[in-house]
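> please find the sequence and the predicted model below.
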Amino acid sequence: MGHGHDHGHDHTHGANKRVLMIGFFITTGYMLVEAIGGFLTNSLALLSDAGHMLSDSVSLGVGLLAFTLGEKAANYSKTYGYKRFEILAAIFNGATLIAIAFYIFYEAYKRFTNPPEVASVGMLIIGVIGLLVNILVAWMLLRGGDTKENLNIRAAFLHVLGDLLGSVGAIVAALLIMFFNWGWADPLASVIVAILVLISGWRVSKDAVHVLMEGTPRNVNIDDIVEAFKKVPEIISIHDLHVWSITSGQNALSCHAVVSDSLSVKDGQTLLSSIEKRLVEKGIGHVTIQLETGKHEHEDSIMCQGSDSSHDHDHDHQHDH
């Protein structure tokens, strides 16, 4: 069961990486077009959308780097490998977005007080192309990527959605300037983009901090986990229960389970296998359970490293690979 679970993870990992790579090249290319276009047409809406796209291509590039580093095997100095890099990348990403948002607010404020001339036709053309590019990248991420479980793919998808709305804002602002000569439409569109940037930056940072603080994964219900243990008649009680994420979509659990004195090593093995199967169904792929008998319970934990727990670790080792 564990093997199939890991195989599925590898498959989505490859698809995620490919989608990120294509998205990265398209976004970076168009971001340059939009930045030059914003500069030439003097449109803050386009420049702020380009700023968002810059954070977007940084997000996609960092995501790619995270996947590449995450593939590096675990070693003695980093026993989980480099999978946590993805979470650090998400924090960096969120912080960049928040900084960009505040910079756009500052620029827009200056423009509201003194609106400059904007070349609205050029702004409209670039906005429309931007919208099409973003629709393409968003569709690719949704179709080929794991937007539900993977923090980086989700961050990238949120960015692209923000970009998409940013392009819509630029198009509407360009039309308002063309038909009504409303110069304030340009900074207004950029403020709307900045609000979106701020929200997605905050969300991504919050989720990443939750993982770094070893918070319980969002898709895991602790009550369900405790219930799964209670349903096993041989287990008297559990303590030292910890559930955390190694990285997006990879959850781990460790605990001490007190079992009856009469339980044999063979029965202990069967018991562990059945619990692991139940926990995999509840979204936990890495399981370490230390079995203790009632008389071991309050002794030094070294005493518990006897037959039961050493077999458990052997079993767990096989399960994870």
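Received, thanks. Numbering: from 1, shown residues only.
> have a look at this protein and report its longest strand.
When the chain is parsed with DSSP state E, its longest strand is strand 235-247.
> what is that strand packed up against?
Counting contacts by 3 or more CB pairs under 8 Å, 6 or more residues apart in numbering; DSSP states H and E, strand 235-247 is packed against helix 185-212, helix 222-230, strand 250-259. In short, each C-beta sits where N, CA and C put it, glycine included.
> identify each buried residue in the helix or strand that comes right after the last one, please.
It stands for strand 250-259. Going down the chain from strand 250-259, the next helix or strand is helix 265-281, by DSSP states H and E. Neighbour counts over helix 265-281 (16 or more other CB atoms under 10 Å) mark 268-269, 271-272, 275-276, 278-280 as buried.
> and the longest strand of the chain, what's buried?
Neighbour counts over strand 235-247 (16+ other CB under 10 Å) mark 235, 238, 243-247 as buried.
> just stretch 177-193 next, same as before
Here stretch 177-193 shows 177, 183, 185-193 as buried, counting by 16+ other CB under 10 Å.
> what's the answer for stretch 85-96, then?
So, applying 16+ other CB under 10 Å, buried residues of stretch 85-96: 85-94, 96.
> also stretch 201-220?
Within stretch 201-220, the residues scored as buried using 16+ other CB under 10 Å are 201, 204-205, 207-208, 210-211, 217, 220.
> same check, this time on stretch 26-45
Here stretch 26-45 shows 26-28, 30-31, 33-35, 37-38, 41-45 as buried, counting by 16+ other CB under 10 Å.
> nearest to residue 75 among the residues you listed?
residue 28 (32.3 Å; CB to CB).
> wait, residue 100 touches residue 52, no?
Yes: with contact defined as CB atoms under 8 Å, residue 100 and residue 52 form a contacting pair (6.8 Å).
> determine the residues that are contacts of both of these two.
residue 197 (CB atoms under 8 Å, 6 or more residues apart in numbering).
> just checking, residue 176 touches residue 185?
Yes: contact criterion CB under 8 Å: residue 176 and residue 185 qualify, at 3.9 Å.
> the helix or strand that contains residue 26 to helix 265-281, inter-axis angle?
Using DSSP H and E, the element containing residue 26 is helix 2-41. Helix 2-41 and helix 265-281 are oriented at 30 degrees to each other (axes from the mean of the first three to the mean of the last three CA atoms, to 10 degrees).
> rewinding a little: okay, the buried residues of stretch 201-220 in CSV with distance to residue 126 and pLDDT next?
As requested, these are exported to CSV (distance: CB to CB, whole Å; pLDDT from 0 to 100):
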residue, distance to residue 126, pLDDT
201, 24, 87
204, 27, 83
205, 30, 90
207, 32, 88
208, 32, 89
210, 38, 91
211, 37, 90
217, 41, 89
220, 45, 87
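> nearest to residue 231, of the residues you listed?
residue 220 (17.0 Å).
> any idea how far that closest one is from residue 127?
Noted for residue 220: a distance of 43 Å to residue 127, by CB to CB, to the nearest Å.
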